[in-house]
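[1] Build me a model from this:
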Amino acid sequence: MKKIVALTCLLFMVSAAAIGCGSDEGGAYTDGTYEGSSDAGMHEGLVVTVEVEGGDISQVSVTEHHETEGVGTNAFEPVTTAIVEAQSTEGVEAVAGATLTSNAIIEAADEALAQAE
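    The predicted structure follows:
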């Protein structure tokens, strides 16, 4: 019985050590600059550029748009910043009053990030 308990404990410790020794590969994406577009905004033709450095999203920029200044454009900074902070578009919320533009930025960023995977 003592051997079984000892072997079980040993197996548990080896498993825990193996799990803790994961590789340090950096982020989930391939370095580079990627572009995505969306027609889901208030107006068509929103283009986003996503920069990936060290496998992580380092910058997201709206590089082309026809959105209404002071309305749709209010979503640019908060949404792009949220994508960089989250390192993903998952869970990024739309800006009130600029929902369509927010969704277009997210859709375009998803398209760009799909190229970086």
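
[2] show me the residues around the closest residue to Gly55 other than its chain neighbours that make contact.
    Of all residues not flanking Gly55 in the chain, Gly27 sits nearest, at 2.9 Å (CB to CB, 6 or more residues apart in numbering). Heads up, the C-betas are built off the backbone N, CA and C, glycines and all. The contact partners of Gly27, taken as CB atoms under 8 Å, 6 or more residues apart in numbering, are Val52, Gly54, Gly55, Asp56, Ile57, Gln87.

[3] ok, these vs Thr33, which is closest?
    When the contacts of Gly27 are compared for distance to Thr33 (CB to CB), Val52 wins out at 7.7 Å.

[4] which residues pair with that closest one across the strands?
    Note on Val52: beta-bridge partners by DSSP bridges are Gly32, Ile57.

[5] looking at this structure, which helix or strand is least sure?
    helix 2-20 (a mean of 51; mean pLDDT, DSSP states H and E).

[6] pLDDT below threshold where in this protein?
    Applying pLDDT under 70 to the chain flags the ranges 1-26.

[7] Strands of that one, start to end?
    In the chain, the strands defined using DSSP state E lie at 32-38, 46-53, 56-64.
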